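**Q** I'll drop the sequence and a predicted model, then ask my questions.
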Amino acid sequence: MHLHLRAAAGTDIRDDHAWLTTFMGVAWDHHEVEYAAGIADSIEKDHHLLHQVYAESPDADAWLPVFGGRQPADPPDEGLPHPPLMLMDPAEVGRAAAFLAAVPFDDLWSRAGERIVHSLGPGWSADLVRGIFLGHHQDLRAFYARAAAAGHVVVKAGWF
């Protein structure tokens, strides 16, 4: 499972699940180029654990970087939408950027890190796991800072 984030000008995005599914599919096909351009990011399988790290913060905006946003309009009538999509408006993107810029990662990791390492099972080095999550945090911080500075929306897709 990958959590795929894509920033774009609000005028380039339609609030429509089917349209966003196509948009994000094309974006996923070009992820490497878009990541290098600073308009995309992704987290492979660790996003729910990263959310647990952020949940250690008392800041009400701690939920925004990973699971923030709302479902787009017109989801499929039957079953769960595939891929699951979330859409963040520029104000939410700005709040996520502010949270990530201000949050002391080491403080959150000191509260959640041992639990996260333990959840991965035996054989994981605490230093390696911390480094992975610090990398996720730094990537998200830079991604949201760029998106907020540009006044962009962020679309999220869960690929599995």
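**A** On my side now, so go ahead.

**Q** Name the residue closest to the centre of this protein, please.
**A** residue 66 (3.9 Å; CA atoms, centre = their mean).

**Q** Residue 42 touches residue 27, doesn't it?
**A** No - in this structure, residue 42 is not within contact of residue 27 by CB atoms under 8 Å, at 10.1 Å. Where you see a C-beta, it was placed from the backbone N, CA and C, and this is true even at glycine.

**Q** Common neighbours of the two, please.
**A** Common neighbours of residue 42 and residue 27, using CB atoms under 8 Å, 6 or more residues apart in numbering, are residue 4.

**Q** hmm, back to that, could you check which helix or strand contains the residue nearest to the centre of the chain?
**A** Taking DSSP states H and E as the definition, one finds residue 66 inside helix 64-67.

**Q** mind listing what residue 126 touches?
**A** 113, 114, 117.

**Q** Just the buried ones from these, in ChimeraX syntax?
**A** To isolate in ChimeraX the members of the contacts of residue 126 that are buried, counting by 16 or more other CB atoms under 10 Å, one can use:
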select :113,117
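
**Q** Now tabulate the contacts of residue 126 in a markdown table and tack on pLDDT and secondary structure.
**A** Shown next, in a markdown table, are the contacts of residue 126 (pLDDT from 0 to 100; DSSP: H, G, I helix; E, B strand; the rest coil):
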| residue | pLDDT | secondary structure |
| --- | --- | --- |
| 113 | 97 | helix |
| 114 | 97 | helix |
| 117 | 97 | helix |
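
**Q** wait, which of the contacts of residue 126 is closest to residue 82?
**A** Closest approach between the contacts of residue 126 and residue 82, by CB to CB: residue 117, at 31.6 Å.

**Q** I'd assumed residue 131 was in contact with the closest one.
**A** No - contact criterion CB under 8 Å: residue 117 and residue 131 do not qualify, at 11.5 Å.

**Q** Quote the end-to-end distance of stretch 117-125.
**A** End-to-end distance of stretch 117-125: 8 Å, with CA to CA, to the nearest Å as the criterion.

**Q** actually stretch 26-33, sorry about that
**A** End-to-end distance of stretch 26-33: 12 Å, with CA to CA as the criterion.

**Q** again with stretch 26-39
**A** 14 Å.
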